[in-house]
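In: coords please:
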Amino acid sequence: MRSQIAAANWKMNLTYGQGEQLIRDVLAAGIRPASHQQVLFALPFPYLMPMAPLLKGKEGYLTAAQNCHHRKSGAYTGEVSAEMLESIGIPYCLVGHSERREYFRESHQELAEKVNRCLDSGIRPLFCCGEPLPVREEGGQNTYVERQLKESIFHLSSEAFSRLVIAYEPIWAIGTGKTASTEQAQEMHAYLRRVIAGQYGPALSERISLLYGGSVKAGNARELFASPDVDGGLVGGASLVAADFIRIIQSLD
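Out: Alright, predicted model coming up:
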């Protein structure tokens, strides 16, 4: 059975006190994820170490970094390496979020190197892909997203690839209030699974968790997650409100 994941991406939001209270409120709901389910908190770098104890002993609740540098080490003031994340026990790291691609001009090759650094450090990459609105309007979303996979993660061996989680995030639906319809989300997820099967075979393709990441809300999560190829969500704004994120966690099938 594929892992089902509700991943909270706080981005650059919340003070430490606000974030700590949010996690405490989510945990207070008493949700016990099933053995195939996980709840991730992708936290700003300063919060990773001090907030980890809040999740200690909470089965199925884990932390994730929002980014890492594509080099192992060096004179990169202000950056954080995958090796550093490994040294403090961080199990997941987002790679290739659309905001990193857009605002920081991260290339396919740079993202491939980040994926390599994470895997070398025993960290599972949560690799993000997705198309902007003009591409969707022209009907080129399949080709666009397929290229993102081919140029950043298809260099991996089958064993390495099996450790990835992939999040499809239609850029036009992030922070805009727009959401891809359930049919659009399922259609793209099914296509991604076919593309992966073409590279690595159907057995491995069926084992990869595919998350939807475009304005997931408490009100649409259950319908989205019920789609056969949607294995959870990468949640932005709704993960900043405990009551909403609790409902999203409860929407995992």
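In: ok, residue 228 - contacts?
Out: Counting by Cβ atoms under 8 Å, 6 or more residues apart in numbering, residue 228 makes contact with 186, 190. In short, each C-beta sits where N, CA and C put it, glycine included.
In: Report pLDDT for it.
Out: Per-residue confidence (pLDDT) for residue 228: 97.
In: Confirm for me that residue 1 is in contact with residue 34.
Out: No - with contact defined as Cβ atoms under 8 Å, residue 1 does not count as touching residue 34 (9.3 Å).
In: who's more crowded, those two?
Out: residue 34 (12 against 9; other Cβ atoms under 10 Å).
In: neighbours of residue 160, just the number please.
Out: If you count neighbours by other Cβ under 10 Å, residue 160 ends up with 15.
In: Who are the contact partners of it?
Out: Residue 160 touches residue 119, counting by Cβ under 8 Å, 6+ apart.
In: What ranges does the stretch 151-253 of the chain have for its strands?
Out: 165-168, 210-212, 232-235 (DSSP state E, counting those that start in this stretch).
In: Name the nearest residue to the most centrally placed residue in the chain, ignoring sequence neighbours.
Out: Centroid-nearest residue in the chain: residue 126, 4.4 Å away (criterion: Cα atoms, centre = their mean). Nearest non-adjacent residue to residue 126, counting by Cβ to Cβ, 6 or more residues apart in numbering: residue 165, 4.7 Å away.
In: Give me the distance from whichever helix or strand residue 113 is part of to the chain's centre.
Out: Residue 113 is part of helix 108-120, with elements assigned from DSSP states H and E. Chain-centre distance of helix 108-120: 15 Å, with Cα atoms, centre = their mean, to the nearest Å.
In: Any buried residues in it, and which?
Out: Residues 108, 110-119 are the ones in helix 108-120 that count as buried (16 or more other Cβ atoms under 10 Å).
In: Out of those, which is nearest to residue 173?
Out: Within these, distances to residue 173 taken as Cβ to Cβ reach their minimum at residue 111, with 20.8 Å.
In: if I look at that closest one, how far off is residue 231?
Out: Distance of residue 111 to residue 231, given as Cβ to Cβ, to the nearest Å: 21 Å.
In: Also residue 134?
Out: 28 Å.
In: Please say which of these two ends up with more neighbours.
Out: Shown here are residue 134 and residue 231; by other Cβ under 10 Å, residue 231 has more neighbours (25 against 10).
In: I figured the more buried one hits residue 6, correct?
Out: No - using Cβ under 8 Å, residue 231 is not in contact with residue 6; the gap is 10.1 Å.
In: And for residue 80, the neighbour number?
Out: 17.
In: Also residue 199?
Out: 15.
In: isn't it right next to residue 154, touching?
Out: Yes - counting by Cβ under 8 Å, residue 199 does reach residue 154; the two are 5.4 Å apart.
In: thinking in terms of the whole chain, how far from its middle is the worst-scoring helix or strand of the chain on mean pLDDT?
Out: The weakest-scoring helix or strand in the chain, judged by mean pLDDT, DSSP states H and E, is helix 133-137 (a mean of 92). Put simply, helix 133-137 sits 22 Å off its chain's centre (Cα atoms, centre = their mean).
In: same check, this time on stretch 2-10
Out: On Cα atoms, centre = their mean, the centre of stretch 2-10 falls 7 Å from that of its chain.
In: same question, stretch 45-57
Out: Worked out by Cα atoms, centre = their mean, stretch 45-57 lies 18 Å from the chain centre.
In: Could you give the average pLDDT over that stretch?
Out: 97.
In: Pull out the buried residues from it.
Out: Taking 16+ other Cβ under 10 Å as the criterion, stretch 45-57 shows 47-48, 51-52, 54-55 as buried.
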